[in-house]
Structure formats: structure tokens, C-alpha cells
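A.B. asks: can't give you the sequence, but here's the structure:
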């Protein structure tokens, strides 16, 4: 064991026992929490500050019911606890149990005790006990288990002082064991470590040996449950429960017809909020950005620096900041679904449908999460035990429209779809946005169906999803989730956009000097002649300068490839710039169109785009056909480097990210071309 | 599926929504292992909460633990009615 002040605690527990909430309460961090299985798919590390004692490291392990792993996330927990050489091997383990479901939580606790770890039990959600008619004698539980037991409530913030003190003092070695080793085995503890570690190689065992090993696992589990039932008989009391069926929210929310209806109503409400309700705060942000630009122009002298700040930095960053209200609404809705316990019901509703497409009900969590961001969603697919279903889910998750697409969708929808309300309040642009999300979802199903026959079948598994109690989402958790997601969006996107905006400003503002000199001289002659309006001349000159800029040359280079889709070279610049991250498209367009001079708010940029024409034909660029083709292109294209990187990490090689990039790019191109052909 | 041991036992998915039953036997060893980790084993009392048509999942409840399993797995679980 390490020194007292550096004692390393691991936090283990069954999924949805409130482990991450306790981790957050102890460390002051903001690890994601939710009311459904599989929120923590990777370990999280933090430190507990104990006044006057020191900082104690703590690791939040992925939730598991037992140390016999069934999925990738559960394997992380078993591996860390059974491999003393592992980097995060703890000095002591704090097991988190759910007060109203103690029985299921104690299996893992007894297994950890048998590994020889100094162990303690923290019983969470004790505030729900009176409501459930349950009482627990914690003193007696401590005595019969032979480890310290602390009752806590994260919601009511009770019991944490004693828990912190307990962690600082260190947990004792358990007084009781549950595993009975074979006579030839050296020690109980070593025998159990070896027994559990063998589960990692289960797939390689020959059939007779596998059968024997499984029989031992069953016997071990049944023995433990017999012991657990005896303990609970001794320490818990349940007031007479009404055994008659209790019709509740599930009678409606899990109903074969009403359940789907409610689910689709929830989604429709979410998209109305994202598009219509976010309009007012977006307008305020737009005004603020325009004011900031004007302020800088009025304070700083005209020149290269001011031009870079206003037309490069503020135009680029402002183009993304304006979408914060929409992103906040999206994350708020997803957080409500997760925190309330409804997400698990969606898994139940969708399993039968998803299986037709080579996925399972749990795939709906990455797919819905993909509407916020594909990166954590691809990681959350670790909870899917079957290899084939997991791989298919990972491969199609980027087709779900993530929050980074919102800026692109909003800009283009505002440009080509007229403002029109059905029945006086349903915004048609909101419906178009919903249509794009549905297009992504149905394309994900189609892609999954096609992949189903091409990915090797997994080893077979069983499916069980816990349906947690409904809980009123905590305002604090919701606000923290929305705040952290928006902050991460601005920070992650902001860094890329800041860099790209400056590079782009340079590429837009400069080009081969001979071409620029020729344009300067020509326009100087026009101005001297006095025959032309000076404002018109300035705009025309700017357009010609943009065409001969480095960015213009790049756009022209890509134009022959994208012209069949109805895209011009300026859109080409946007496509190249947004290859790393989709949201950069809007910042790029803002920088390109801001270089025309004048006010840089979103509506004026949109106006300039509306009047954009092809130089060779004089036809408008942003027609309905081109706008929808561009929307479809962004709905399907793989424009996110981080998603490719996380796919490589989750699949273990570059083959799958390469296939992902290839099929999504081809799909986006073909779909956009078809839309252009049909609508034009 | 019916149990060899109890002529009254029927497959779990045949139970009417809202009724209580007790697990008589589980046909597959791997399913027995899988369910045992959740404390579900022969003798466990279950209530059917909901069923999806078209061989969809079955939602069940034991004590305060509510969960759903697939039709194929429910087909391997023989249950006897609680009188």
C-alpha cells in the first residue's frame, strides 16, 4: 500500500447507482451523470480535498453488476481490480450501492471484498427509502458484512462528512469472505484473483473447459446471492407492499402505440425549441457581435490589424457564438431524457426495430447522443456487448446530425427556406431542420442494414436493460451539463475557428501580387474617370480581389469537382476549411463574405450570400436546389477529424475510420448530386 | 417452452401483463449465468410490466428492480403462476 496521504481509492458500483454523482460530490468535478445504465464508460480520475489532511486520488470506474465482464466498459473495471500491475490499481475500494436496490449492488461488493481490498460500502439515495417503505439497519449491515457502511444522499447532500473522514482514515481489510477456494489452491485471495482474471480469456477456452468455468461462475454467483439474501433478511425491513399491479407512467410510455407517439412528440418539441425558441437569444448575440465589430473599428485606426480583428477574428468566432442558444436547448433536452430515466424506456421501445438493422436497443443511446456530439456517443457504444452491433453502431453514429451541423443548417435554411408558419405557430424552417435530423437517422438505419451483412457476426450474448425509477431531473445537474457542453463547444470549436479564421483572413486578403496590382490599377483608373459610383466600385473591386486571393485560387481548384452539386468556388473554400470540423463552414463563410466590407452581422452576410451569382452564367448560387444539396451534403459528410480519431481508438485500427470517411464522403456527394438534379 | 419438472410452467413471454409468476427453470446455462448476476434465478418472483408486440422485448419487475429482456431469452425461462 502507498503512503497514507496518497491512498488511492477506486469507486465501483453497479450501473445507475449514483456513482458518478458521488464522485462529483467528493471531488467537486463535473463527471457526466445520468439516470440510465452505461453513463460512465471509461474511468475518470479526480482528487478529494480533505481539510487538514491532504489530497486523496480517486478513480471512478465504469459501472458493472459483477466482476464477470460482459462488455468493453465492464472489462475496464475487472482489469483494473484484478491486475496489481495496472496503472490505476487502487489501495482501497469504495463500493456504491443503491439504497432501494441493495441486493443487486452487494454481489459486486462481495466480489471486491474477496479480492482482499480494504473495502467500504456507501449506500446512496437513502432519501428514497421512506417513499419505498424500506428501512435499513446500517449498524447491523456493517457488522454482518464486516466492512464500514456509510448512508448518503447526493440529492440532500447528507452523509459526506463521515464518508470523507472514512476515506482519509483508510478502510479496513474485510473481516468476511464469500469465496470458497478448491483445496489445492494457495490462498483464498489469490485463488479468487486468478478465477476472475481467467474471465478475460474465456473466449479462448476450449468447450469442455468453458462449460466447467461457466458452471463455477454460476455456482459462485448463486452462493453469493444466498449469503446476500440472508444478510438482507437480517438488516432490512419492508413495510407491507401492495402486490397488485401498479399502473404508472410506464403503462403509457412503454405502450406499443402511445410510447412511440410520445417519443416522436418529444423529438418534435426538441427541434421546435432548437429552431424557434432559440431565435430571440440568437438575435441578441448577433447584435452584440455586430456592436463589438463596430466598437473595435471606432477605437483602432484603420489598417491590417483592425481588418484582421474585425473581418477575421470577430467574423469567424461570432459566426459560431451565435449558435450557443440552439446548442444549449439541444443539450438541455438530451440531459432531461437521460436524467429522468426515460432514455432506458426508449431502449425498450427501439430494440425490436434496431435489431432489423444489425443493432440493438442500446444503440439508440449513441444515436440520440450523436445529435449532440458523435465523439462521446461513439464511446458510449462500449456498453453494447456484441462486437458486430457495436461496430455497426459506431459506423453509423456520425450520420446523426450533431450540434456542429446546427450552424450550417441554420445559415442555409435561413437562406433558401422562406419564413412560413403552419397553423400560425409551427415554423416550417423548424420542420426542415427536423427533416434533416430524420434524414440522418433513416440514412443511419439504411447504412446499418447494408453493413449488417458485411460485418462478421459476434459471439452471441444476452440482453438486459435496467429500467430505472423515474426521477425529476435536478436543476443543478441540468444547468451544469448545459454550461459544460456549451463551454466545451465554444472552447473546442473556438480554438480551431480562431486558428482557421486567421489563416483564412490571410488567404482571403492576400494573393499573387501581380494580379492584385493589376486590379488596384484598373480600379484606380475607374475612380479617376468619375463615371462610376464609388460604393459599387468598392464592392466589385473586393469581389475581384477575392477571386485572385490564395483562398480564391484554392476554391477555383476544387470547383470542377463540386460544380455538379451546384456549389461555387466560395462554397469550395468552406468545404476545404470545414474538413476538420463542420462548424468552421459558417465562420469561413462569414470571413469570406465579411471581406466585402460593411456590417458583419449574420443577417447581412446572409443577404450577401443571397445575391451571390455564378460569374460565368450570372445565375444565383444559392437557389433552393443548391441550398438543399448543401444541407444534404453536410447531413451525410464525414467532416470531423475528432470522430475519425475516436473511431480509430474504439475499433483499434485505421481500417474502420478509413471506411467511415470513404463511405460517408461518397454518400454525401451522390445524395447532394441527386438532390441538385431533382430540384433544379 | 414448458418445464419438464412442472407441467404448469409456461414460457415467460406468455404471461399476461401485470401478473406475478415465479421462475421454474432456465433452459440455457449461459442465460442462467447472465441472469444470476442480476439476482434473477429459479425461484425469483417476477411481474410482467410490458410486452412489445412482434417478438419484441419483455419488461419485468422483481422487487424494486425493473428491467427488460429479449423475447428469445424470455422464451428460455419457464415460469409457474403464483396462486
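C.D. replies: Looks like it came in fine. On a predicted model such as this, the values are computed, not experimentally measured, just so you know.
A.B. asks: can you show me the strands along the chain?
C.D. replies: I'll assume chain A. A:9-13, A:44-50, A:54-60, A:92-98, A:119-124, A:134-136, A:149-151, A:236-238, A:421-422, A:426-427, A:464-466 (DSSP state E).
A.B. asks: can you look at chain B instead?
C.D. replies: Under DSSP E, chain B gives strands at B:10-11, B:20-26, B:45-51, B:58-62, B:65-69, B:77-81.
A.B. asks: out of the strands of chain A, nearest to chain B?
C.D. replies: Closest to chain B of those, according to Cβ to the nearest Cβ: strand A:464-466, at 5.1 Å. Quick note: C-beta positions are derived from backbone N, CA and C, even for glycine.
A.B. asks: what sits against residue B:40?
C.D. replies: By Cβ atoms under 8 Å, 6 or more residues apart in numbering or on different chains, the contact set of residue B:40 is B:23, B:46, B:62.
A.B. asks: who wins for neighbours among these?
C.D. replies: Neighbour counts for the contacts of residue B:40, by other Cβ atoms under 10 Å in any protein chain shown, peak at residue B:46, which reaches 24 neighbours.
A.B. asks: okay, and the beta partners of it?
C.D. replies: Here residue B:46 sits in beta bridges with residue B:21, going by DSSP bridges.
A.B. asks: I'd assumed residue B:80 was in contact with it.
C.D. replies: No - using Cβ atoms under 8 Å, residue B:46 makes no contact with residue B:80, being 10.9 Å away.
A.B. asks: quick one on the thing from earlier: can you redo the strands of chain B as a markdown table with mean pLDDT?
C.D. replies: Output for the strands of chain B, formatted as a markdown table (pLDDT from 0 to 100):
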| stretch | mean pLDDT |
| --- | --- |
| strand B:10-11 | 90 |
| strand B:20-26 | 94 |
| strand B:45-51 | 93 |
| strand B:58-62 | 94 |
| strand B:65-69 | 94 |
| strand B:77-81 | 93 |
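A.B. asks: now render the ones you listed as JSON lines, adding distance to residue A:642.
C.D. replies: Below are the strands of chain B laid out as JSON lines (distance: least, Cβ to Cβ, whole Å):
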{"stretch": "strand B:10-11", "distance to residue A:642": "47"}
{"stretch": "strand B:20-26", "distance to residue A:642": "44"}
{"stretch": "strand B:45-51", "distance to residue A:642": "39"}
{"stretch": "strand B:58-62", "distance to residue A:642": "37"}
{"stretch": "strand B:65-69", "distance to residue A:642": "33"}
{"stretch": "strand B:77-81", "distance to residue A:642": "43"}
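A.B. asks: which residue of the chain lies farthest from its centroid?
C.D. replies: Using chain A here. Centroid-distance maximum for chain A: residue A:529 at 59.9 Å, with Cα atoms, centre = their mean.
A.B. asks: was after chain B, sorry
C.D. replies: Farthest-from-centroid check, chain B (Cα atoms, centre = their mean): residue B:54, 17.6 Å.
A.B. asks: how about that one: what's its closest non-neighbour residue?
C.D. replies: Nearest residue to residue B:54, sequence neighbours excluded (Cβ to Cβ, 6 or more residues apart in numbering or on different chains): residue A:352, at 6.0 Å.
A.B. asks: show the contacting residues for residue A:266.
C.D. replies: A:333, A:337.
A.B. asks: got it, and the one 10 residues further on?
C.D. replies: With contact taken as Cβ under 8 Å, 6+ apart, residue A:276 is in contact with A:427, A:430.
A.B. asks: coming back round to it: residue A:353 is in contact with the residue farthest from the centre of chain B, correct?
C.D. replies: No - checked against Cβ under 8 Å, the pair residue B:54 and residue A:353 is beyond contact range at 9.5 Å.
A.B. asks: would CSV of the strands of chain A with distance to chain B and mean pLDDT be doable?
C.D. replies: Below are the strands of chain A laid out as CSV (distance: least, Cβ to the nearest Cβ, whole Å; pLDDT from 0 to 100):
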stretch, distance to chain B, mean pLDDT
strand A:9-13, 14, 93
strand A:44-50, 24, 84
strand A:54-60, 21, 88
strand A:92-98, 9, 95
strand A:119-124, 14, 96
strand A:134-136, 8, 92
strand A:149-151, 17, 96
strand A:236-238, 9, 88
strand A:421-422, 33, 82
strand A:426-427, 31, 80
strand A:464-466, 5, 90
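A.B. asks: Serialize these to TSV and add fields for mean neighbour count.
C.D. replies: Below are these laid out as TSV (neighbours: other Cβ atoms under 10 Å in any protein chain shown):
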stretch	mean neighbour count
strand A:9-13	26
strand A:44-50	16
strand A:54-60	20
strand A:92-98	26
strand A:119-124	25
strand A:134-136	18
strand A:149-151	22
strand A:236-238	13
strand A:421-422	11
strand A:426-427	16
strand A:464-466	22
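A.B. asks: my guess is residue A:202 contacts residue A:212. True?
C.D. replies: No - proximity of residue A:202 to residue A:212 does not meet the contact threshold set by Cβ under 8 Å, at 11.5 Å.
A.B. asks: the more surrounded of the two?
C.D. replies: Neighbours were counted for residue A:202 and for residue A:212 using other Cβ under 10 Å; residue A:202 has more, 15 against 11.
A.B. asks: and the gap between residue A:372 and chain B?
C.D. replies: Here residue A:372 is placed at a distance of 25 Å from chain B (Cβ to the nearest Cβ, to the nearest Å).
A.B. asks: any idea how far that residue is from residue A:331?
C.D. replies: 6 Å (Cβ to Cβ, to the nearest Å).
A.B. asks: intersection of neighbour lists for those two?
C.D. replies: In contact with both residue A:372 and residue A:331: A:403, A:485, using Cβ under 8 Å, 6+ apart.
A.B. asks: which bits of chain B sit near chain A?
C.D. replies: B:17-20, B:29-39, B:41, B:47, B:49-50, B:52-57, B:59, B:63-70, B:73 (Cβ under 8 Å from any Cβ of the partner chain).
A.B. asks: between strand B:77-81 and the biggest helix by length in chain B, find me the angle.
C.D. replies: Ordering each helix of chain B by length in residues (DSSP state H) puts helix B:29-36 first. If you take axes from the mean of the first three to the mean of the last three Cα atoms, to 10 degrees, helix B:29-36 sits at 60 degrees to strand B:77-81.
A.B. asks: quick one: buried residues of helix B:29-36?
C.D. replies: Across helix B:29-36, burial judged by 16 or more other Cβ atoms under 10 Å in any protein chain shown covers B:30, B:31, B:32, B:33, B:34, B:35, B:36.
A.B. asks: got the residues you listed as CSV, with pLDDT columns?
C.D. replies: Compiled in CSV, those are given as follows (pLDDT from 0 to 100):
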residue, pLDDT
B:30, 87
B:31, 92
B:32, 93
B:33, 89
B:34, 91
B:35, 94
B:36, 92
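A.B. asks: who touches residue 79 in this structure?
C.D. replies: Went with chain A since none was named. Residue A:79 neighbours (Cβ under 8 Å, 6+ apart): A:86, A:200.
A.B. asks: please go with chain B instead
C.D. replies: By Cβ under 8 Å, 6+ apart, the neighbours of residue B:79 are B:9, B:10, B:11, B:12, B:15, B:21, B:22, B:23, B:24, B:46.
A.B. asks: that concludes my questions; thank you for your assistance.
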